[in-house]
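Colleague: give the three-dimensional model of this entry:
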Amino acid sequence: MRVLMFGWEFPPYRAGGLATATLGLVKGLVQRGVDVTLVVPFPVTARSAEGARLLSATEVAERYSIVRVDSPLVAYTGAAEYLLELRPVEDPPAMPAPKAVYGRDLMAEVDRFAAVAARVAAIEPHDVIDSHDWITFAAGLRARGASSRPLIAHIHATEYDRAGDGANPAILAREWEGLHGADRVIANSHQLARRVTERFHVPGERVDVIHWGVDGIRVAVDEARANDRLLGSAHPVLLFIGRVTWQKGPRYFVDVARRVADYFPNARFVVVGEGDSLPDMIQYAADVGVGEQILFAGGVEGPDVDRAYRMADVCVMPSVSEPFGLVALESLRNGTPCIVPRESGVAEVLENVFKIDFWDIEEMTNTIVALARYPALKETIREQGLAEIASPRLGLDEPARRTEAVYRRVVNGLHHG
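Modeller: Numbers count the residues shown, from 1 in each chain. Reported below is the predicted structural model:
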C-alpha cells in the first residue's frame, strides 16, 4: 500500500495538535508496512527536508519520504495571518514552476499548493491519496485528477469549530468541496462526524470515525514529584496548553484561575502556546487580578512539552469546541490529571478524566480544589490515567490499522460501509 498524503504541518513546524496527529499516523502506518509520501507546505525559512525526518529507523526511512513545498501556509492560519507570512520565494528545484506565482491572499496560496500537488501526483507512485483538513483538500482533489487514485478527506476540525458564528464562508466552501469530493471521509470523533453530516450534509455511510492515539508513557513517579520544584512551592499548578484562540477557551481558563486563587492565593497558572487571542488573554488576566500569577511561556517544542505537563498538578482544557483533544492523551501519559470538555471527542474514548462543560467554572474549580486538598485522590486519578493510556486502543497502531483498512476499501472500490 502506497499513500500520497497532504498535510498542513509536520514537526518541527507546528501550530497545534495536527502536527502531533500527523506524526502519530505516519509512524503507525509505516510500522504496519505502508509506504507514505508526505507533502507539507513548509515555512519559507525552513531548513532542509532532512531536518523533518523524525522517523530515523532504517525500516521506516525506506518507506517514508517528505516532499517539501516552500510556502507561507501555516496551520490554522486565516487570511490576515497569511499576509504576515507572505515572502517572495522560489519553487523547490524538484518541482520547477514560474517564479512570482504567490497569490496575495490565502486562497490563492492554497490553490498554488494544489497545483504543486497535481505535479507531485503525476510522478509519485501511490495507490491512495489522503488530505488533512481544508487547506489541503484542493491539493487532494487536484492530485486525484492527475492520478485517478481514490481520495480520503481527513477532517480534524471544521471552520465552525474554529470560528463559531464567525466562520469564513470561503473556508466553508472549501470544506464542502473537499468533503463531498472525496471517496470517503475520516473524522477523529463521533462528535465531529455528526457535524460533518449535519452541517455539510455528507451521507453518514461515507464517514468513518477513527480516534487518535499517542505514543508511549513519558513519566516516572520520582520525576513528576521532582518537577514540582520548577515553580517553587506553589500549589496547585494549573496548565493550559495549546493554541491560544477563541476555540480553546482561554478566557474560561483565566476565570478558573481567578476562582482557584480564592482558595489558594499562592497557586500558579501556566499558559503554554501562542495564538491570536493571547494579547486578550493577558489583558483579561490583568483585569481580573491574576496577571502576576500566570506564566505565559509561549510555544514550546520537543521534551519541553512533556516537561510542561509534568510540572502541573492539573491540565485544564476549557475548549468551546474540541473535535478531539490530543492534549488530554498527552496529559495522561505524563501522569497529570486532566479536565476535558464534556462534549469533546476525547471524552468519547477516555474514562479517567474529569468531563466538565467548558463554561462551568464552579465545577472545574471544585474539582481542582478537591485534587489539591486530597493528595490520595490525585494519586488515584493519576495512576488510573496512566493505566488507561497504556491500553493498545489508545496507542498509534489502532488508528493506523483502521486508517489502512479504509485505504484498502477505497482502493478495492468498496466506498461504502
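
Colleague: touching, residue 309 and residue 326? I think so.
Modeller: No: assessed by Cβ atoms under 8 Å, residue 309 is found out of contact with residue 326, at 11.9 Å. Any C-beta I mention is one placed from the backbone N, CA and C, and that applies to glycine too.

Colleague: tell me the secondary structure for residue 295?
Modeller: strand (DSSP: H, G, I helix; E, B strand; the rest coil).

Colleague: so what's it closest to, chain neighbours aside?
Modeller: Nearest residue to residue 295, sequence neighbours excluded (Cβ to Cβ, 6 or more residues apart in numbering): residue 270, at 4.9 Å.

Colleague: can you confirm the one you found is in a helix?
Modeller: No: Residue 270 sits outside any helix when classified using three-state DSSP, being strand.

Colleague: so how many other residues sit close to it?
Modeller: Neighbour count of residue 270, defined by other Cβ atoms under 10 Å: 19.

Colleague: what's the answer for the one 10 residues further on, then?
Modeller: Neighbouring residues of residue 280 were enumerated by other Cβ under 10 Å; the total is 15.

Colleague: element containing it?
Modeller: According to DSSP states H and E, residue 280 maps onto helix 278-288.

Colleague: so what angle separates the directions of that helix and strand 268-272?
Modeller: If you take axes from the mean of the first three to the mean of the last three Cα atoms, to 10 degrees, helix 278-288 sits at 170 degrees to strand 268-272.

Colleague: just the CA trace of helix 278-288, in PDB.
Modeller: What follows is helix 278-288 as a C-alpha-only set of coordinates in PDB (Å, rounded to 0.1, in the frame of the first residue of the first chain):
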ATOM      1  CA  LEU A 278      -3.000  35.700  23.500                       C
ATOM      2  CA  PRO A 279      -3.000  39.600  23.900                       C
ATOM      3  CA  ASP A 280      -6.600  39.500  25.000                       C
ATOM      4  CA  MET A 281      -5.900  36.700  27.500                       C
ATOM      5  CA  ILE A 282      -3.000  38.600  29.000                       C
ATOM      6  CA  GLN A 283      -5.100  41.700  29.400                       C
ATOM      7  CA  TYR A 284      -8.100  39.800  30.800                       C
ATOM      8  CA  ALA A 285      -5.900  38.100  33.400                       C
ATOM      9  CA  ALA A 286      -4.600  41.500  34.500                       C
ATOM     10  CA  ASP A 287      -8.200  42.900  34.600                       C
ATOM     11  CA  VAL A 288      -9.400  40.200  36.900                       C
END
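
Colleague: packing partners of that helix?
Modeller: In terms of contacts (3 or more Cβ pairs under 8 Å, 6 or more residues apart in numbering; DSSP states H and E), helix 278-288 is packed against helix 250-263, strand 294-298.

Colleague: can you list the ones you listed in CSV and add mean pLDDT and distance to residue 374?
Modeller: What follows is the helices and strands packed on helix 278-288, written out as CSV (pLDDT from 0 to 100; distance: least, Cβ to Cβ, whole Å):
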stretch, mean pLDDT, distance to residue 374
helix 250-263, 97, 13
strand 294-298, 94, 25
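
Colleague: most packed of those?
Modeller: Neighbour counts (mean count of other Cβ atoms under 10 Å) averaged over each of those peak at helix 250-263, with a mean of 21.

Colleague: other SSEs contacting it?
Modeller: Secondary elements touching helix 250-263 (3+ Cβ pairs under 8 Å, 6+ apart): strand 237-241, strand 268-272, helix 278-288, helix 361-373.

Colleague: how close does the residue nearest to residue 312 when sequence neighbours are not counted get to residue 400?
Modeller: Closest residue in space to residue 312, ignoring its immediate chain neighbours: residue 239 at 3.6 Å, by Cβ to Cβ, 6+ apart. For residue 239, the distance to residue 400 equals 29 Å [Cβ to Cβ, to the nearest Å].

Colleague: more neighbours, these two?
Modeller: Counting neighbours by other Cβ under 10 Å for residue 239 and for residue 400 shows that residue 239 has the greater number, 26 against 22.
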